[in-house]
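1. From the sequence below, what's the structure:
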Amino acid sequence: MGSSMSLNLTGYVGSTPVLKEVGEQRVASFSMAVNRKTSSGKQQTFWVRVNCWNGLVDVVAMKYLHKGSLCQCEAT
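-> Okay, the predicted model is just below:
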């Protein structure tokens, strides 16, 4: 039997999305800061690299995301 993993992150965009061409596909990459509390109660910032492909590049990443924007990403 196979396994699956789902990831849902909410955080702030740390850098303006950068548009790249990969073959015939477009990809927008940006960093996202996600805050969490450690077991000792201290707040820790976890940085995640996010890549948006094809349709999401035009619809979301390049139009609405800017440094400091609140963002929610889901990967399944």
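2. which residue ranges form the helices in this structure?
-> With helices called from DSSP state H, the chain shows them at 55-56, 62-64.
3. So for residue 40, which of those helices sits nearest?
-> Evaluated with Cβ to Cβ, those place helix 62-64 nearest to residue 40, the distance being 36.1 Å. (C-beta placed from N, C-alpha, C; glycine too.)
4. Buried residues in the closest one, which are they?
-> residue 62 (16 or more other Cβ atoms under 10 Å).
5. Now tell me what touches that helix from outside.
-> 17, 19, 28 (Cβ atoms under 8 Å, 6 or more residues apart in numbering).
6. now swap in stretch 69-76 and tell me
-> Residues outside stretch 69-76 that contact it (Cβ under 8 Å, 6+ apart): 4, 6-13, 32, 48, 50, 65.
7. ok, what's across the strand from the residue nearest in space to the middle of the chain?
-> Centroid-nearest residue in the chain: residue 50, 3.4 Å away (criterion: Cα atoms, centre = their mean). Beta-bridge partners for residue 50, by DSSP bridges, are residue 30.
8. Against residue 37, how distant is it?
-> Separation of residue 50 from residue 37 (Cβ to Cβ, to the nearest Å) stands at 22 Å.
9. Of all the helices of the chain, which one comes closest to residue 24?
-> helix 55-56 (13.6 Å).
10. what about the closest one, average pLDDT?
-> Helix 55-56 shows a mean pLDDT of 88.
11. Quick one: distance of it to the chain centre.
-> Remark: helix 55-56 is offset 13 Å from the chain centroid, using Cα atoms, centre = their mean, to the nearest Å.
12. again, but for stretch 31-40
-> Distance, stretch centre to chain centre, for stretch 31-40: 14 Å (Cα atoms, centre = their mean).
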